[in-house]
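> Prediction below, plus the sequence it came from.
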Amino acid sequence: CDNMLKTTEEAMVENAAQVKNVRANLRQNAKKNG
């Protein structure tokens, strides 16, 4: 159970990092297109 919880936490952190990257990319694209 402990191991699974840690994996979920790591996955959440990874997802958060990916979302940050996607938002940064969208912002850069908006600057280019706008």
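Arrived safely.

> tell me which residues in the strand or helix carrying Asn25 are buried?
Following DSSP states H and E, one finds Asn25 within helix 2-33. Going by neighbour count (16 or more other CB atoms under 10 Å), nothing in helix 2-33 comes out as buried. Every C-beta, even on glycine, is put in place using the N, C-alpha and C of the backbone.

> so how far is that helix off the chain centroid?
In terms of CA atoms, centre = their mean, to the nearest Å, the centre of helix 2-33 is found 0 Å from the chain centre.

> Could you give the number of residues near Gly34?
Using other CB atoms under 10 Å, Gly34 has 5 neighbouring residues.

> tell me the mean pLDDT over the helix holding Asn25?
Helix 2-33 comes out with an average pLDDT of 93.

> elements contacting it?
The contact analysis (3 or more CB pairs under 8 Å, 6 or more residues apart in numbering; DSSP states H and E) places helix 2-33 against no helix or strand.

> distance of Gly34 from Val19?
Here Gly34 is placed at a distance of 22 Å from Val19 (CB to CB, to the nearest Å).

> ok, now Asn29?
To Val19, Asn29 is 16 Å away according to CB to CB.

> Also Thr7?
The spacing between Thr7 and Val19, counted by CB to CB, is 19 Å.

> middle-most residue in this structure, spatially?
For the chain, the residue whose C-alpha lies nearest the mean C-alpha position (CA atoms, centre = their mean) is Gln18; its distance is 2.3 Å.
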